[in-house]
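Q: Give me a model of this one.
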Amino acid sequence: MKEIIEGVRRFHSEVFPKKRQLFATLAQGQRPAALMISCGDSRVDMQLVTQCEPGHLFGFRNAGNIVPPYGALLGAACATIEYAMEALQIPNIIVCGHSDCGAMRGLLSDDLASQMPTVAQWLRFADVPRQLVMREPHASTASRLERLVKENVLTQIEHLKTHPSVAVRIARGEVQLHGWVYDIARGSIEAYDYGAARFTPLTADPIPHATPLPRLQLAEVQA
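A: Next comes the predicted model:
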């Protein structure tokens, strides 16, 4: 706790004075560039990884970067998504998983429900990716975990689409969805490419994203 308090003191005496104008602007309101749904793991700091200043990311963190389908569990996740879409009109949503995820590792365990029943109940929203990887024959635990992290990101993106506030803005072409996996040891990110149906380095150009065509554009293509 001492280190945390010392950090607050350094922020107030050293960091804040250098960014006084930024914080004065932020005090008037926020216009985030993205809703970042990431894991609560202490090793995962997406503001640090993206090198964004305060005000750029509207964050929601939880065990396993889970997004419950709309109506399945009305709570913090649903309220955060709705507020981000309706009140803030955020143009991007990023679902970010990461390597060595404890929540995903727990999904591969047979005794999670007995040890941490509340966590197990929360992670039921990742049951589809769990079943996918568990049905792969002869796969090692390490390879299953790596695959599970990616499959979970894709599943949570599908859950996002069930939220009316997201679905409407996708249809109008007003929001882009992004599926990321952050590698802690390498400091690198892979992003899901909807067109190629695979994860690719985020350094790729154009920037890979996981957004289906908006309905209006899709109708024009079909015509």
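
Q: Quick one: neighbours of Pro32, just the number.
A: 19 (other CB atoms under 10 Å). In short, each C-beta sits where N, CA and C put it, glycine included.

Q: Specify the local secondary structure of it.
A: coil (DSSP: H, G, I helix; E, B strand; the rest coil).

Q: what about the closest residue to it other than its chain neighbours, how many residues close to it?
A: Spatial nearest neighbour of Pro32, chain neighbours left out: Phe58 (4.0 Å); criterion: CB to CB, 6 or more residues apart in numbering. Neighbours of Phe58 under the rule other CB under 10 Å: 20.

Q: before we move on, what about Pro17?
A: Using other CB under 10 Å, Pro17 has 10 neighbouring residues.

Q: Next, it: secondary structure please.
A: Note that with three-state DSSP, the state of Pro17 is helix.

Q: would you list every one of the strands in the chain?
A: 34-39, 57-62, 92-98, 176-183, 188-193, 198-201 (DSSP state E).

Q: hmm, back to that, go ahead and confirm the residue nearest to Pro32 touches Ala34.
A: Yes - between Phe58 and Ala34 there is a contact at 7.1 Å, judged by CB atoms under 8 Å.

Q: Find residues that contact each of these two.
A: Any residue near both Phe58 and Ala34 by CB atoms under 8 Å, 6 or more residues apart in numbering counts here, and that gives Ile90.

Q: if we can go back for a sec, could you dump the strands of the chain to a markdown table with mean pLDDT?
A: Output for the strands of the chain, formatted as a markdown table (pLDDT from 0 to 100):
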| stretch | mean pLDDT |
| --- | --- |
| strand 34-39 | 98 |
| strand 57-62 | 97 |
| strand 92-98 | 98 |
| strand 176-183 | 98 |
| strand 188-193 | 96 |
| strand 198-201 | 95 |
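
Q: could I get those as CSV with distance to Ala79?
A: Converted to CSV, those look like this (distance: least, CB to CB, whole Å):
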stretch, distance to Ala79
strand 34-39, 12
strand 57-62, 10
strand 92-98, 15
strand 176-183, 19
strand 188-193, 26
strand 198-201, 29
